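Engineer: Sequence and predicted model, in that order:
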Amino acid sequence: MGAGGLALNLRTFLARPALQVAPELLGATVRVDSAEGAVLIRLTEVEAYEGPADPASHAFRGPTRRTAVMFGPPGRLYVYFSYGMHWCVNVVCQPDGTAGAVLLRAADVVEGIELVRRRRPGVRAERDLARGPARLAASLGLTGHDDGTDLLDPSSRAQLVTGRRTAEICNGPRVGISAGAELPWRFWLSGAPSVSRFRPGKTRSGRLTT
DNA sequence: TCGCTGATCATCT
DNA sequence: GATGATCAGCGAA
């Protein structure tokens, strides 16, 4: 098959608002190669961050040195350092010149689980390996060094492969933000064991439509 | 299972 | 100088 054509379709797929792209990324896989081996994960939870219109987005106040990648072409990784100790990974959306990104919040490890366990010693449950944005980044071995990596360039060590969804999609409020927290822009696969347990709002009966 | 807290630093005001 | 798209560990219920 023509890898170039596939990449072109993916580019078009990603050059849309994050709100549209985010739910469709669920079930897709991300592969990251390294000297130690490859790790393959299947996305189970994501969050949409739009551009300047979204008060919770890093792009809210326009482009800065850190957020420059978000304003560039779609299909690249936006990796940022958070809370002084964690890395978080986004996939850039929207056409070149417009900001938007999808935060990768959780995933199931499909391949390379031995390597992931070496990277995350002390984690027992398999579902916890990549549950949460910082854990996901750690599992993949991604850091600020990978900021700007083009997921659609075959020579990149990180690759995005669209996949078939196998479960229903749920949505709800985003996690860990103050502004725009009421927007239901977090999406996850129903019943996926690796989905974050965080439920902001403290509503115990936070049952979302099936 | 839930809720609180400390750790720790790049980025921006 | 303040802030944060977080996590792990702890104690209480």
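Structural biologist: Looks like it came in fine. Residues are numbered from 1 along each chain as shown, chains lettered A, B, ... in the order given.

Engineer: Could you give the bridge partners of residue A:109?
Structural biologist: Listed beta-bridge partners, residue A:109: residue A:41 (assigned using DSSP bridges).

Engineer: Now do it: how many residues are near it, please.
Structural biologist: Neighbourhood size, residue A:109 [other Cβ atoms under 10 Å]: 23. All C-beta spots, glycine's among them, are computed from the backbone N, C-alpha and C.

Engineer: same check, this time on residue A:90
Structural biologist: Counted by other Cβ under 10 Å, the residues lying close to residue A:90 total 25.

Engineer: Could you give the secondary structure assignment for it?
Structural biologist: On the three-state scheme (DSSP: H, G, I helix; E, B strand; the rest coil), residue A:90 is labelled strand.

Engineer: What residues are bridge-paired with it?
Structural biologist: Beta-bridge partners recorded for residue A:90 (DSSP bridges): residue A:78, residue A:103.

Engineer: same for the strand or helix carrying residue A:137, what does it pack against?
Structural biologist: Here residue A:137 sits within helix A:133-140, counting by DSSP states H and E. The contact analysis (3 or more Cβ pairs under 8 Å, 6 or more residues apart in numbering; DSSP states H and E) places helix A:133-140 against strand A:37-50, strand A:86-92, strand A:100-111, helix A:113-119.

Engineer: can you state the direction angle for the longest one and helix A:133-140?
Structural biologist: Read it as strand A:37-50. Here strand A:37-50 points in a direction 150 degrees away from that of helix A:133-140 (axes from the mean of the first three to the mean of the last three Cα atoms, to 10 degrees).

Engineer: Does strand A:37-50 reach DNA strand C?
Structural biologist: Yes. Where contact is defined by Cβ under 7 Å from any atom of the strand, part of strand A:37-50 touches DNA strand C, namely A:47, A:49.

Engineer: What values do phi and psi take at residue A:32?
Structural biologist: For residue A:32, the backbone dihedrals (degrees, to the nearest 10) come out as phi -130, psi 120.

Engineer: Centroid-nearest residue for chain A?
Structural biologist: What sits nearest the mean C-alpha location of chain A, by Cα atoms, centre = their mean, is residue A:104, with 1.7 Å.

Engineer: centre of the chain versus the helix or strand bottoming out on mean pLDDT in chain A, how much separation?
Structural biologist: Counting by mean pLDDT, DSSP states H and E, chain A has its least confident helix or strand at helix A:3-14, which shows a mean of 82. Averaging C-alpha positions (Cα atoms, centre = their mean, to the nearest Å) puts helix A:3-14 18 Å from its chain's average.

Engineer: circling back: nearest to residue A:143, of the helices and strands packed on helix A:133-140?
Structural biologist: strand A:86-92 (5.2 Å; Cβ to Cβ).

Engineer: Identify each buried residue in the least confident helix or strand of chain A, please.
Structural biologist: Buried residues in helix A:3-14, counted by 16 or more other Cβ atoms under 10 Å: A:7, A:10-11, A:13-14.

Engineer: Many thanks, have a good one.
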